[in-house]
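In: Test case, fold it:
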Amino acid sequence: MVKKTIYPDYQFIKEVERFGPFQAEACYQCGKCTNGCPVTFAMDLFPDELIRMVLLGQRERVLGSKTIWVCSACETCTTRCPNEVMVAELMDCLKEMAIQGQIDCPQPQILTLHETFLRNVKTHGRVFEATFLPTYLFRSGQIVRKWREGTWQAEVKLGWELFSKGRISLLPRKNKGIKGIRQILTSSKQREKAS
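Out: Sure thing, here's the model as predicted:
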């Protein structure tokens with residue numbers, strides 16, 4: 001068995017922290033982030049391991065991991081960290097770096113959810129449920145599965161119940177800060193082209 005030589009990318013932590021600061025270098029591997037995380041059962045690297053991999057310059061392993069996509073951004077890890085490492089924010093940064101680097105996502109449905117969510121927020125300035133869920137179901141192919149299984153009726157029934165109780169509306173609410181939100185969600189490359 002031939003072992004692959006791993007070459008650390010010593011600039012990786014500097015590149016990551018430029019988007020932060022996340023204070024990843026303050027992590028002393030206590031494991032509180034991992035112990036509090038509700039989704040570690042679905043991760044390939046625990047949060048503390050992922051931070052260690054970032055510090056060790058393991059770009060490919062980190063950006064190709066399931067962990068960054070499985071993270072629900074509940075911020076339990078960030079809250080529990082004794083050194084105030086911004087773990088959840090770091091996960092979001094790594095997710096965006098993976099997208100920008102066009103790295104294959106090991107969780108394609110989560111990537112589709114992520115992209116659909118951001119597009120919806122960019123369009124409306126906040127999540128507009130009446131278009132968000134249907135768009136995700138179509139883009140992910142889940143609508144076909146729900147149609148075949150006959151479970152689409154339950155989705156329609158739930159949507160009607162939410163609408164009748166005033167929990168969702170048919171028209172999006174106005175958002176005064178939509179220009180700022182769109183500017184935040186526009187990548188730096190697109191901003192450079194526009195200017």
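In: ranges for the helices of this protein?
Out: Secondary structure of the chain (DSSP state H): helices located at 12-18, 32-36, 47-55, 59-63, 67-70, 76-80, 87-100, 108-124, 129-140, 142-149, 152-164, 178-185, 188-194.
In: got the contact list for the closest residue to Arg61 other than its chain neighbours?
Out: Excluding its sequence neighbours, the residue lying closest to Arg61 (CB to CB, 6 or more residues apart in numbering) is Met53, at 5.5 Å. For every residue, glycine as well, the C-beta is placed using N, CA and C. Taking CB atoms under 8 Å, 6 or more residues apart in numbering as the contact definition, Met53 lies against Leu45, Arg61, Val62, Ser65.
In: ok, 7 Å please
Out: Leu45, Arg61, Val62 (CB atoms under 7 Å, 6 or more residues apart in numbering).
In: quick one: which of these has the most company?
Out: Val62 (25 neighbours; other CB atoms under 10 Å).
In: What distance do you get for it to Arg126?
Out: Distance, Val62 to Arg126, using CB to CB, to the nearest Å: 31 Å.
In: do Met43 as well
Out: For Met43, the distance to Arg126 - CB to CB - is 29 Å.
In: Phe22 now?
Out: For Phe22 relative to Arg126 (CB to CB), the value is 26 Å.
In: can you check Glu75 too?
Out: Distance from Glu75 to Arg126, by CB to CB: 19 Å.
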